Every structure is written in structure tokens, then in C-alpha cells.
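J.: following is a predicted model, sequence given first.
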Amino acid sequence: MTTSPNFIFLDRDGTIIRDIGYPHKPEHIEFLPDAVEGLLLLQGQGYRFIMVTNQAGIARGIYSEKEAIEFTNAVERELAEKGVHILKTYFCPHHPDFTGACECRKPKPGLALQAAQEYNISLQKSFFVGDKDSDVEFGRNCCGITFRIANDLYPSTVAPHYEVKNILEVYTILTNVDKLKITPPIHDHV
């Protein structure tokens, strides 16, 4: 079986929906400008989506794991109603200050490795889109190509391959994928 190069790992808050700080209720869902349009265009080009999100609100006691799952289902349902299919969402419920270290919290590659195993994904041929340093590091730890959605909420100290305004701009870049001259670093563990 061959692996598909057409996978995009997406962060959720600040990438697809507005990051209001621990969103977890259906009324918190507000899609970012051009996010849905960009996802639809990418999907039309054959890209498949895996959502990976850190959900420290569970560890902090702000909301329960059940509420996080219900919220994720609501986001996926609203995207599906708009024609966007998320293959699967993975989330880390931990925070090192509250639950100790884990292998699934971005920037560690644990959840991407799990997705790669389940769906036969080549991480080195995948793209990673998020709005924080941890998202960029996550993509780099997976040896993929990284995109950061620019924002004023979080400091930007880790350089992505591409800094973009939104997912629509990711589409614009990936439609010129033959022009990409990026060689992600190679690591033996992925």
C-alpha cells in the first residue's frame, strides 16, 4: 500500500475557528475569514484533513473531556454542512503543569504518529497548519512543511516554512506546489 502525500494536519483554535480562549460550547464556533473557502478549495484539489488540537482546558478543569468531544463534533458537523470533511480529530487533554508530561501534546509528534499509523500517512509529505509556535514545532518534529496563520495573540519565535494570513493563502501556495523548493529536515524516528 502506498502513502498519500495529500494530507494536511490542521490546528483548530486560531486556525479554523476564532481563538477566544478555551472555546468549548457550540455558540463559541466562529469560523475565521476565508477558512472554510480555503478548506473547500484544498479539498477540491484532493487534500484530506486531520485536525490535531491541544485541549489544556480539560487538564485545567475549565471543561470536561465529554464537553471537548461534543464541541469537536459540533465543529466537524458545521464544517460538514459547509462541505468540508475532517477525516478525524485528535486532541491532547493534558497540560504539563496539571497532569505531567505526555507524548500527545503538541509540539510532540505523538498524535501525528498515531494518525500516520491509522491512515498510512507519510508525515514527511504532509503539511501542517497552525497559529502557534507549538504548531510549527509539531510540523517540524514530523518533518513536514509548516504554515503559520499570522496573529497578534501569541509570540512568534519559531520560523515556519510559510507565514500566511489564512487557510485560503495556504491553498494559493499549495496550488503552486511544483514550485515549492523546501526540503524538510529528515529524522530517523518518523
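T.: Now that the structure is in, tell me what you want to look at. Numbers count the residues shown, from 1 in each chain.
J.: figure out how far stretch 105-120 is from the centre of its chain.
T.: 11 Å (C-alpha atoms, centre = their mean, to the nearest Å).
J.: equivalent analysis for stretch 93-109, please.
T.: How far stretch 93-109 lies from its chain's middle: 16 Å, per C-alpha atoms, centre = their mean.
J.: equivalent analysis for stretch 84-101, please.
T.: With C-alpha atoms, centre = their mean, you get 11 Å for stretch 84-101.
J.: got the buried residues for it?
T.: 84, 86, 89, 90, 91, 92, 93, 94, 95 (16 or more other C-beta atoms under 10 Å). All C-beta spots, glycine's among them, are computed from the backbone N, C-alpha and C.
J.: and the longest helix along the chain, what's its mean pLDDT?
T.: When secondary structure is assigned using DSSP state H, the longest helix within the chain turns out to be helix 65-81. The pLDDT scores in helix 65-81 average 97.
J.: show residues contacting it.
T.: Helix 65-81 is contacted from outside by 12, 16-17, 23-26, 28-29, 31, 36, 39, 51, 53, 55, 57-58, 63, 85-86, 89, 91, 93, using C-beta atoms under 8 Å, 6 or more residues apart in numbering.
J.: residues in contact with residue 127?
T.: Contacts for residue 127 (C-beta under 8 Å, 6+ apart) come out as 7, 8, 9, 47, 139, 144, 145, 146, 147, 170, 174.
J.: what helix or strand is the fifth one on?
T.: In this structure, residue 139 is located in helix 133-141 according to DSSP states H and E.
J.: residue 57 is in contact with residue 22, isn't it?
T.: Yes. Counting by C-beta atoms under 8 Å, residue 22 is a contact partner of residue 57 at 4.1 Å.
J.: now the contacts of helix 65-81: which count as buried?
T.: Applying 16+ other C-beta under 10 Å to these flags 12, 16-17, 23-24, 28-29, 31, 36, 39, 51, 53, 55, 57-58, 63, 86, 89, 91, 93 as buried.
J.: out of these, which sit inside strands?
T.: Counting by DSSP state E, the part of the buried ones among the contacts of helix 65-81 found in strands is 51, 53, 86, 89, 91.
J.: reformat those residues as TSV; add pLDDT and distance to residue 106.
T.: Converted to TSV, these look like this (pLDDT from 0 to 100; distance: C-beta to C-beta, whole Å):
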residue	pLDDT	distance to residue 106
51	98	12
53	97	8
86	98	17
89	98	13
91	97	10
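J.: which positions within the helix or strand hosting residue 172 qualify as buried?
T.: Secondary structure from DSSP H and E places residue 172 in helix 167-174. Across helix 167-174, burial judged by 16+ other C-beta under 10 Å covers 167, 168, 169, 170, 171, 173, 174.
J.: thank you, goodbye.
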